[in-house]
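[1] A predicted structure for the sequence below; I have some questions about it.
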Amino acid sequence: MSQLGAVQIEIAVLLGRSKMPIQQFLRMGRGAVIPLDSGEDDQVWILANNHPIARGDVVLQGDRISITISGVADANEFFAAA
């Protein structure tokens with residue numbers, strides 16, 4: 001195996017963000033709903049090792065959820081929204 005094939009990368013998909021006081025978060029229990037700053041038709045961020053690399057769209061296929069890559073991420077836009 002080549003050395004490149006041995007590199008581990010964590011991939012994450014960010015659906016949205018929310019800001020709240022820590023006390024509110026600590027009071028939440030099982031089943032609590034956290035509102036996000038995005039809608040169901042908004043694009044998601046695709047992160048590699050917590051760095052934005054692409055944008056994508058959520059695709060539902062039966063009981064599976066997938067992400068279709070739609071373009072390259074703009075890191076400045078990602079960090080400006082944080």
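    Yep, that arrived. Remember, it's a predicted structure, so these values are computed and weren't measured experimentally.
[2] From the contact counts, what lies against the strand or helix carrying Ile67?
    Per DSSP states H and E, Ile67 falls inside strand 64-72. For strand 64-72, the packing partners by 3 or more C-beta pairs under 8 Å, 6 or more residues apart in numbering; DSSP states H and E come out as strand 44-48, strand 51-61. Yep, even glycine has a C-beta here, placed from its N, CA and C like the rest.
[3] least trustworthy helix or strand in this structure by mean pLDDT?
    Between all helices and strands in the chain, the lowest mean by mean pLDDT, DSSP states H and E belongs to helix 75-81, at a mean of 85.
[4] Tell me which residues of the strand holding Ile67 come out buried.
    Within strand 64-72, the residues scored as buried using 16 or more other C-beta atoms under 10 Å are Ile67.
[5] Identify the neighbouring strands of that strand in the sheet and state each direction.
    Take DSSP bridges as the rule and strand 64-72 pairs in its sheet with strand 51-61 (antiparallel).
[6] so who does the residue nearest in space to the middle of the chain touch?
    The centroid of the chain falls nearest to Leu14 when counting by C-alpha atoms, centre = their mean (0.9 Å). Leu14 is in contact with 44-47, counting by C-beta atoms under 8 Å, 6 or more residues apart in numbering.
[7] who's it bridged to?
    Beta-bridge pairing for Leu14 (DSSP bridges): Trp45.
[8] Need the pLDDT of it.
    Leu14 carries a pLDDT value of 93.
[9] Ok, Gln3 next?
    The model's pLDDT for Gln3 equals 85.
[10] one step back: of the contacts of Leu14, closest to Gln61?
    Using C-beta to C-beta, Val44 is the member of those that lies nearest Gln61, at 15.9 Å.
[11] so can I have CSV of the contacts of Leu14 showing distance to Gly5 and neighbour count?
    Shown next, in CSV, are the contacts of Leu14 (distance: C-beta to C-beta, whole Å; neighbours: other C-beta atoms under 10 Å):
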residue, distance to Gly5, neighbour count
Val44, 27, 19
Trp45, 26, 20
Ile46, 21, 19
Leu47, 21, 17
